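# pasted the sequence and its predicted model underneath.
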Amino acid sequence: MFTSLYTSSDVVASTLTGLAVMSLAAALICFLGLSWSNERWRVPSALVGAACLVTSIYYAGAAGYWNSAGEASAGVRFSAWYSVHPLQVAAVYFFARTQGPVPVGVFWRLICAALLMVFGRWLGDASFFNPTLGALLSIAFWLYILGEMYFGAMAEAIRKSGRAVTLGYFWIRLLMTVGWAIYPILHFVDIVIGVGQSSGVIVLYSAFDIVNLIIPSLIVVAVAGQDRY
Amino acid sequence: MFTSLYTSSDVVASTLTGLAVMSLAAALICFLGLSWSNERWRVPSALVGAACLVTSIYYAGAAGYWNSAGEASAGVRFSAWYSVHPLQVAAVYFFARTQGPVPVGVFWRLICAALLMVFGRWLGDASFFNPTLGALLSIAFWLYILGEMYFGAMAEAIRKSGRAVTLGYFWIRLLMTVGWAIYPILHFVDIVIGVGQSSGVIVLYSAFDIVNLIIPSLIVVAVAGQDRY
Amino acid sequence: MFTSLYTSSDVVASTLTGLAVMSLAAALICFLGLSWSNERWRVPSALVGAACLVTSIYYAGAAGYWNSAGEASAGVRFSAWYSVHPLQVAAVYFFARTQGPVPVGVFWRLICAALLMVFGRWLGDASFFNPTLGALLSIAFWLYILGEMYFGAMAEAIRKSGRAVTLGYFWIRLLMTVGWAIYPILHFVDIVIGVGQSSGVIVLYSAFDIVNLIIPSLIVVAVAGQDRY
Amino acid sequence: MFTSLYTSSDVVASTLTGLAVMSLAAALICFLGLSWSNERWRVPSALVGAACLVTSIYYAGAAGYWNSAGEASAGVRFSAWYSVHPLQVAAVYFFARTQGPVPVGVFWRLICAALLMVFGRWLGDASFFNPTLGALLSIAFWLYILGEMYFGAMAEAIRKSGRAVTLGYFWIRLLMTVGWAIYPILHFVDIVIGVGQSSGVIVLYSAFDIVNLIIPSLIVVAVAGQDRY
Amino acid sequence: MFTSLYTSSDVVASTLTGLAVMSLAAALICFLGLSWSNERWRVPSALVGAACLVTSIYYAGAAGYWNSAGEASAGVRFSAWYSVHPLQVAAVYFFARTQGPVPVGVFWRLICAALLMVFGRWLGDASFFNPTLGALLSIAFWLYILGEMYFGAMAEAIRKSGRAVTLGYFWIRLLMTVGWAIYPILHFVDIVIGVGQSSGVIVLYSAFDIVNLIIPSLIVVAVAGQDRY
């Protein structure tokens, strides 16, 4: 009776669309944040804004693909990750850089690790070699990125900063530790339990994917806004 | 005879399109308002502009879906609400913040209440549990948001402000009290009387949805424009 | 022989597309005009720019609809008018406001009259009551708007201004008097003579609709550009 | 064998797409040029940018139409010309105006001549009267525009200017003399020889149409960039 | 089992989409870079940003074409190259120009060489004459561009500059030497070995095409950011 007006019968479609809309809103706020934040905060804000925008475009496409084909395309998800993960680690690097000099080598190592993290996973999933090996490779590069963030020159640069910046860095790092754990976890859930195509897994996976993206982005903009005085 | 040139035979389609166009115009005015308003007003203007833009995109999609499938998708409406309601309460928080310090905890409580308000409703409508329970949950969180706006730290911060700001806050709060009441009212109309799919209900519902969005957004921009001197 | 390269065989399609392109160009010029005009001229420029942009989107959609369905959708035209007419009278109000204080009540009365002007017409055309009654109602609200523009506080504020502003206001008012007359005229042509669906009427109607929009918009930008020194 | 990867088998489609891409790039450069050029150069830069953008949208549509229907729509081409030619002569007027006062009457005469030039041609091609008469009418208005550019007040204003401006004006005028000659020439080629629908004619015609647009636009931006010191 | 959620089964589609997303992100960063870089760096940043944006639009179209038709259209690729290669060499010219005067003749020679490089190749691939002759012609113009970059006035202007600029110029030149070599190499691979339509060749070719575009663009933005103090 009240199906078409009130009920969200297709959970996956409404989740994917909702996430696309959320990323778009987050991207708009990041870009508009450029107009009121301090000049040195513009690089990280621009990077997270670009990451949100391309994710929004990806999820809009994935929702359309789901509506027409009834399945979520993982190929396009990798397509987005190849841009989004490097953009995010670059944003973390420039976040730390606003507080003091960080060697440029850290930047290159982070970008390469982020690209290889996605590439390793992709090689496994595209059946070039064993998917579990790909996931393990991906975990190794993820751990390297976390190592740089916890013990590297970036943590050093942040340590001497004000409360807003330290807190922001703490939360971003936490999200990249706890939130990114969803990728290998769901991979093994899929391989071992074999529920990869169930709606629940797609919804959870996508929701975590977006939380991992939007929250750090908004933290960058919020810290940029407080560090301006 | 004069049907195709003058008459709007499909009331739902023309309403949805008209609302999409209106939200787009409102979003444009919010974004352009950023260029002439005081710096501290930029955050609330950006937030309501983002809310208007994502709503416009949603209604354009809903109009297209109506034209092709002959029904309004509620799933996508929830998709928009998940972004729009948090953006609106965040805009109210930053509106109050321009006039004085408001504890940041208020912000987090408002965002969570707005998300849970939509989530509770969605759980009911997606048949995870009884729809009426979902609507009641949604009402509870709505009342909490109203409580914060009437008796919380935001009302405190606004009280000492100039006439334009006080008046703007009064009207936004009134619209969130009276206008948002349409959501539970129409829900019960739908359950009890069972006219959820009739064109009239969709048109009324959509019109209120937009009034609840556009008017507060334009109030924010108007107050921002007057508070600049 | 030379049909497809040189000849415009479908007059309606090429007119609708051409008008969409013209409105887009006008909107671009209005928005870019924001970057070189004085701060107090930004509100009217933004309003006419938004009006041009939504009209452009409407006419692009109408051209597409004509191409696919072979008829012009009036529903969508009302959809655009609900936004465009209030935006235009708001622009006239803020145009006058740049020259001196105009009571804010004038603004609200103008917005309401513009909305009711479209609404009255729509009620008639959507067959809620007699179309001619709707057209007469629409004319009444149009005359009220003209009354405000000729004898109200806006004319007062403009009287003391420089030549560019006075001339601009004179032309905008003239276009809203003579140009807007096309709406009731063509309505009666359609009812009495019954040629509402002929291509000629659609072309003429659309052309006047655009002239009524683009010329005042460009006048606002031009006056804004001259009033900056 | 290597058809699909390397070869451009459909010359018309790839030409139309390539021209759309070029116009878009030119429009982007014109709009970005606004950010680094002197304030008084903003009007001509905005006008040529708008001309490039609407042309880009037209050619993208024409390429899509060619792909689906296998013919180039001239109706849409007129649709673009109605906006592009007036925008171009307006840009020339404001180009001259940056160097000294040019009577505003010149502006109105140029705009009317440009509109009538397209309108005359369109009347002939849409078979309202003889196509050759339409082409002759179009030539007459074109010659009038050239007369204004060679002997009118604009040439006067430019004569006293620096080298960059004089050179830029010289080249724009030359392109409007030599380049615009393609329109009547190809018209007579089509009527007399009757090869209007051949791919070669469409490609040549489109290429000249774009050269006539992009080169003067980039000249305006380049002169604006050099005249800023 | 886990195909649709995790695996990228269509390597070409996911590559083309991923490259479109990457170019879009690069274009966004170039355009946003305009807001924090020194005024004289705006021209090269704008040029590489425009190149990235049109490439992104091309690859999005190519991915859509692949999905619907199952083949990659080279015609559209040429369409993009006609704009991208001239934009890139123009960016290199203005890159050098930020460091000292470079004769404007160099600019014209570079633009002509870049256009002829694409045109020669296109003539061969569109079967106007032997494809290998077209490739050789293309190589000749490419070598001319490299000659200008290694021994011409641009190298002269760069030599006296700071470390960031010299290093950036070195890397851009290296990429245009080593990276652009992929075009003739893959051409001969295709002709001699005849594997032009295999997925691997399309993927490799596209990946190099993007690396040749994105890396120099980001180098321009990075150098612009460091040269601002």
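That came in fine, so what should we check first?
# if I look at the closest residue to residue A:168 other than its chain neighbours, how far off is chain D?
Distances taken as C-beta to C-beta, 6 or more residues apart in numbering or on different chains place residue A:223 nearest to residue A:168, at 3.8 Å, with adjacent residues excluded. All C-beta spots, glycine's among them, are computed from the backbone N, C-alpha and C. Per C-beta to the nearest C-beta, to the nearest Å, residue A:223 is found 27 Å from chain D.
# residue A:223 reaches residue A:171, doesn't it?
No. Counting by C-beta atoms under 8 Å, no contact exists between residue A:223 and residue A:171, whose distance comes to 9.4 Å.
# quick one: which of those two has more around it?
Shown here are residue A:223 and residue A:171; by other C-beta atoms under 10 Å in any protein chain shown, residue A:223 has more neighbours (26 against 15).
# what strand or helix carries that one?
helix A:199-226 (DSSP states H and E).
# now for that helix, which elements pack on it?
Where contact means 3 or more C-beta pairs under 8 Å, 6 or more residues apart in numbering or on different chains; DSSP states H and E, helix A:199-226 is packed against helix A:11-33, helix A:42-69, helix A:74-97, helix A:163-174, helix A:182-188, helix E:3-6.
# how far off helix B:42-69 does that helix point, in degrees?
For helix A:199-226 against helix B:42-69, the angle by axes from the mean of the first three to the mean of the last three C-alpha atoms, to 10 degrees is 150 degrees.
# lowest mean pLDDT among the helices and strands of chain A, which one is it?
The helix or strand of chain A with the poorest confidence is helix A:3-6; it has a mean of 37 (mean pLDDT, DSSP states H and E).
# follow-up on the earlier one: the helices and strands packed on helix A:199-226: which one's closest to residue B:119?
For the helices and strands packed on helix A:199-226, the distance to residue B:119 is smallest for helix A:11-33, at 10.9 Å, taking C-beta to C-beta.
# where in chain A is pLDDT low?
In the predicted model of chain A, residues A:1-10, A:67-77, A:126, A:190-198, A:228-229 satisfy pLDDT under 70.
# how about a cut-off of 90?
By pLDDT under 90, the low-scoring segments of chain A are A:1-22, A:24-25, A:28-46, A:54-83, A:97-105, A:108, A:117-138, A:152-165, A:178-212, A:221-229.
# quick one: contacts for residue A:90?
Contact partners of residue A:90, counting by C-beta atoms under 8 Å, 6 or more residues apart in numbering or on different chains, are A:47, A:107, A:110-111.
# right, so of the helices and strands packed on helix A:199-226, which gets closest to residue D:125?
Evaluated over these, closeness to residue D:125 peaks at helix A:42-69, with 39.4 Å, by C-beta to C-beta.
# the closest one close to chain E?
Yes. Shown here: helix A:42-69 in contact with chain E (C-beta under 8 Å from any C-beta of the partner chain) through A:42-43, A:46-47, A:49-51, A:53-54, A:57-58, A:61.
# and these near chain D, which?
Among the residues of helix A:42-69 next to chain E, not one lies near chain D by C-beta under 8 Å from any C-beta.
# for the residues you listed, which one is nearest chain D?
When the residues of helix A:42-69 next to chain E are ranked by distance to chain D (C-beta to the nearest C-beta), residue A:42 comes first, at 15.0 Å.
# and stretch A:41-60, how far out from the chain's middle?
How far stretch A:41-60 lies from its chain's middle: 10 Å, per C-alpha atoms, centre = their mean, to the nearest Å.
# quick one on the thing from earlier: out of the helices and strands packed on helix A:199-226, which comes closest to residue E:177?
With C-beta to C-beta, the closest approach to residue E:177 among the helices and strands packed on helix A:199-226 belongs to helix A:74-97: 25.0 Å.
# name the element residue A:134 belongs to?
Per DSSP H and E: residue A:134 is located in helix A:131-151.
# counting neighbours, which bits of that helix end up buried?
Neighbour-count burial for helix A:131-151 flags A:131, A:134-135, A:137-139, A:141-142, A:144-146, A:148-149 (criterion: 16 or more other C-beta atoms under 10 Å in any protein chain shown).
# only C-alpha atoms, please: export that helix in PDB.
Output in PDB follows, covering the C-alpha atoms of helix A:131-151 (Å, rounded to 0.1, in the frame of the first residue of the first chain):
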ATOM      1  CA  PRO A 131      43.100 -13.400  -4.100                       C
ATOM      2  CA  THR A 132      44.300 -14.100  -0.500                       C
ATOM      3  CA  LEU A 133      47.900 -13.300  -1.600                       C
ATOM      4  CA  GLY A 134      46.600 -10.000  -3.000                       C
ATOM      5  CA  ALA A 135      44.800  -9.200   0.200                       C
ATOM      6  CA  LEU A 136      47.900 -10.000   2.200                       C
ATOM      7  CA  LEU A 137      50.000  -7.800  -0.100                       C
ATOM      8  CA  SER A 138      47.500  -5.000   0.300                       C
ATOM      9  CA  ILE A 139      47.600  -5.400   4.200                       C
ATOM     10  CA  ALA A 140      51.400  -5.100   4.100                       C
ATOM     11  CA  PHE A 141      51.300  -1.800   2.300                       C
ATOM     12  CA  TRP A 142      48.500  -0.600   4.600                       C
ATOM     13  CA  LEU A 143      50.600  -1.400   7.600                       C
ATOM     14  CA  TYR A 144      53.500   0.500   6.100                       C
ATOM     15  CA  ILE A 145      51.300   3.600   5.700                       C
ATOM     16  CA  LEU A 146      50.200   3.200   9.300                       C
ATOM     17  CA  GLY A 147      53.800   2.900  10.400                       C
ATOM     18  CA  GLU A 148      54.700   6.200   8.700                       C
ATOM     19  CA  MET A 149      51.700   7.800  10.400                       C
ATOM     20  CA  TYR A 150      52.400   6.500  13.900                       C
ATOM     21  CA  PHE A 151      56.200   6.600  14.100                       C
END
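# what's downstream of that helix, the next helix or strand?
Downstream of helix A:131-151 (by DSSP H and E), the next one is helix A:153-159.
# what does that following helix contact?
Applying C-beta under 8 Å, 6+ apart, the contact partners of helix A:153-159 are A:92-93, A:96-97, A:99-103, A:106, A:148-149, A:165-166, A:169.
# same check, this time on stretch A:103-111
A:86, A:89-90, A:92-93, A:144-145, A:148, A:152-154.
# would you check which pair of these lies furthest apart?
Using C-beta to C-beta, these span at most 18.6 Å, a distance reached by A:86 and A:153.
# helix, strand, or coil at residue A:128?
coil (DSSP: H, G, I helix; E, B strand; the rest coil).
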